[in-house]
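1. I'd like to go over a predicted model; first the sequence, then the structure.
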Amino acid sequence: MSRTTTKGRPLVIRNANFRALWISSTAGIFGTSVAAVALPLIAAVELDASDFAVAALSGVGFLPWLLFGLPIGVLVDRYRRKPVVMAALVLRITVLMTLPVAFWLDRLTVVQLFAVSFLSGLAAVFSMLAESALVPRAVKREELIEGNGLMTGSAASADAVGRGLGGWLTSVWGASNSLLLQVAASTASLLSVATLRVQEEAAPSKKGSRIFRDMKEGLRYSFSTAPLRAILLVGALWNLGGAIVVSLMVILVVRTLGESGAMLGFLTASTALGGTLGGLTVKHVTHRLGSGTVWRWSMLPAAAGYSSLLLMTPGWGLLPGFAGLFLAGYAISMNVVVSTSFRQRVCPPGMLGRLGSASRMVTWGMLAVAGIIGGFLVEGLGIRGAILVGLAIAFVAPVVAAFGPLRGIRDLEDLEPEPVDETLEVR
């Protein structure tokens, strides 16, 4: 990346490496959002699976973060990241393609659905950790907020389009056939990553190096400072409670309210639309209010937005859900950008994969647990009782953020150590 580029031009135009990552990430999120609508509808409609299976399925794709996040983070730090991303995308395309093929042959089962979701999630662990570690190699430190804001905003837009289009396609093509759109999106992501030109070298092999030692270093670093610990705890609480609610959306909208898969897609797309606005405005908002202020208070409107689901009724009664999910998406997007940018700024380059894996093992691991908990809750308490439990947990997150160790901190950047390398440049 040249330091002589014109500052006035948008980052996505002036930086070819960032543009390649941006396109790859956006296409990947688009495909993932199609699958997020299609997979539970395959279970609920095409396979007539139980409520527990439908809810639990939403967490299976995140289970690899909980089980393998740490060792994969070590591997990402040991090898060049671009080949890792490309290999993971090839795996993801291959396993996803088996679902429509099995549907055409009338061989599709719930077991295969869970297996494909797990393997696709495993590939996502590799690709997302490596891709995230490449961002600081593609942009300058002072461009991280702008870069992460653009990626989060465009990803949220892709999420909105993917969910809306995916929901509609499940009605037109069928839920299994709609996964062909994710296969196409993952292929586009693969082609974009292939154009990436960054200077990478595999980490030198250390005598006596052990993967468990490296995993321990990454986990220890994730808890090494009060800011990192607070961000991790709040993220875990939010993901646990919020994901319980999200895991029940299919049951609430399709089975309880009797709405179509297309309406489910449009409803969940409103979260992504809010995320688009959040990603595009976070730079301005953090400049006015401070990144610490935004991080502390963003989860409160997010939890309030999810509460609107309890007000929904069929037909026009879905409007409170649309408004609430838009608000939730806006707030969540800002929180993600601020948290991610802070971690990337303070973390040594050689530790990025391990920090990302350790952090996501805790926070995204909660998404896997939430799906299973949601399945048990809906069986025991019914749909609205289960959602109330999820909301109660989610509301704990902003309370911890507001009264925790980062209270009163306006700018998280003030807590940073001195930069490790001020001459970072990618060719």
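-> Sure thing, it's come through.
2. hey, which helix is longest across the protein?
-> With secondary structure taken from DSSP state H, the chain has its longest helix at helix 365-403.
3. so, low pLDDT: which residues of the stretch 251-400 of the chain?
-> Residue ranges of the stretch 251-400 of the chain with pLDDT under 70: 349-353, 356.
4. what is the longest helix of the chain packed up against?
-> helix 51-60, helix 63-78, helix 226-247, helix 291-297, helix 299-307 (3 or more CB pairs under 8 Å, 6 or more residues apart in numbering; DSSP states H and E). No exception for glycine: its C-beta is placed from N, CA and C like everyone else's.
5. residue 379: which of these is closest?
-> Proximity to residue 379 (CB to CB) singles out helix 51-60 among the helices and strands packed on helix 365-403, at 5.6 Å.
6. mean confidence score for that closest one?
-> Here helix 51-60 scores 84 as its mean pLDDT.
7. chain center to stretch 111-124, what's the gap?
-> 16 Å (CA atoms, centre = their mean, to the nearest Å).
8. how about residue 176, secondary structure?
-> coil (DSSP: H, G, I helix; E, B strand; the rest coil).
9. just to revisit the earlier point, JSON lines please, covering the helices and strands packed on helix 365-403 and showing distance to residue 363 and mean neighbour count.
-> Below are the helices and strands packed on helix 365-403 laid out as JSON lines (distance: least, CB to CB, whole Å; neighbours: other CB atoms under 10 Å):
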{"stretch": "helix 51-60", "distance to residue 363": "13", "mean neighbour count": "24"}
{"stretch": "helix 63-78", "distance to residue 363": "8", "mean neighbour count": "22"}
{"stretch": "helix 226-247", "distance to residue 363": "4", "mean neighbour count": "23"}
{"stretch": "helix 291-297", "distance to residue 363": "14", "mean neighbour count": "23"}
{"stretch": "helix 299-307", "distance to residue 363": "13", "mean neighbour count": "22"}
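10. what packs against the strand or helix carrying residue 324?
-> Using DSSP states H and E, the element containing residue 324 is helix 319-346. If contacts are counted by 3+ CB pairs under 8 Å, 6+ apart, helix 319-346 sits against helix 110-138, helix 144-172, helix 226-247, helix 261-289, helix 291-297, helix 299-307, helix 352-363.
11. so which of the ones you listed comes closest to residue 193?
-> Closest among these, using CB to CB: helix 110-138, at 7.9 Å.
12. hmm, back to that, any idea which of the helices and strands packed on helix 319-346 is most buried?
-> Stretch with highest mean neighbour count among the helices and strands packed on helix 319-346: helix 352-363 (a mean of 26; mean count of other CB atoms under 10 Å).
13. who does that one touch, helix- and strand-wise?
-> Counting by 3+ CB pairs under 8 Å, 6+ apart, helix 352-363 packs on helix 63-78, helix 110-138, helix 211-222, helix 226-247, helix 319-346.
14. okay, these in a markdown table with distance to residue 414 next?
-> Compiled in a markdown table, these are given as follows (distance: least, CB to CB, whole Å):
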| stretch | distance to residue 414 |
| --- | --- |
| helix 63-78 | 28 |
| helix 110-138 | 20 |
| helix 211-222 | 20 |
| helix 226-247 | 10 |
| helix 319-346 | 11 |
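15. indicate which one of the ones you listed is closest to residue 157.
-> helix 319-346 (10.7 Å).
16. distance to residue 15 for the helices and strands packed on helix 319-346 - can I get that in a markdown table?
-> Converted to a markdown table, the helices and strands packed on helix 319-346 look like this (distance: least, CB to CB, whole Å):
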| stretch | distance to residue 15 |
| --- | --- |
| helix 110-138 | 7 |
| helix 144-172 | 8 |
| helix 226-247 | 27 |
| helix 261-289 | 16 |
| helix 291-297 | 22 |
| helix 299-307 | 31 |
| helix 352-363 | 19 |
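17. residue 38 is nearest to which of these?
-> Of all the helices and strands packed on helix 319-346, the one in closest proximity to residue 38, counting by CB to CB, is helix 144-172 (5.6 Å).
18. could you pull up the mean pLDDT of the helix or strand just after the closest one?
-> Using DSSP H and E, the helix or strand that follows helix 144-172 in sequence is helix 179-194. Helix 179-194 carries an average pLDDT of 90.
19. what's helix 179-194 in contact with?
-> 20-21, 23-25, 27-28, 30-32, 34-35, 38, 82, 85-86, 89-90, 92-93, 96-97, 99-100, 131, 162, 165-166, 169, 173 (CB atoms under 8 Å, 6 or more residues apart in numbering).
20. ok, now stretch 310-326?
-> Contacts of stretch 310-326 (CB under 8 Å, 6+ apart): 252-253, 257-259, 263, 267-268, 270-271, 273-274, 304-309, 384, 387-388, 391.
21. which one of the helices and strands packed on helix 352-363 lies closest to residue 57?
-> Per CB to CB, nearest to residue 57 of the helices and strands packed on helix 352-363: helix 110-138, 6.2 Å.
22. counting by contacts, list what that closest one packs against.
-> Helices and strands touching helix 110-138, by 3+ CB pairs under 8 Å, 6+ apart, are helix 16-41, helix 51-60, helix 63-78, helix 81-104, helix 144-172, helix 319-346, helix 352-363.
23. how about CSV for the ones you listed, with distance to residue 111 added?
-> Shown next, in CSV, are the helices and strands packed on helix 110-138 (distance: least, CB to CB, whole Å):
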stretch, distance to residue 111
helix 16-41, 14
helix 51-60, 10
helix 63-78, 15
helix 81-104, 11
helix 144-172, 21
helix 319-346, 32
helix 352-363, 26
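24. residue 231: which of the ones you listed is closest?
-> With CB to CB as the criterion, residue 231 lies closest to helix 319-346 of the helices and strands packed on helix 110-138, at 5.1 Å.
25. any weak-confidence spans in the stretch 1-150 of the chain?
-> 1-8, 10, 12, 141-145.
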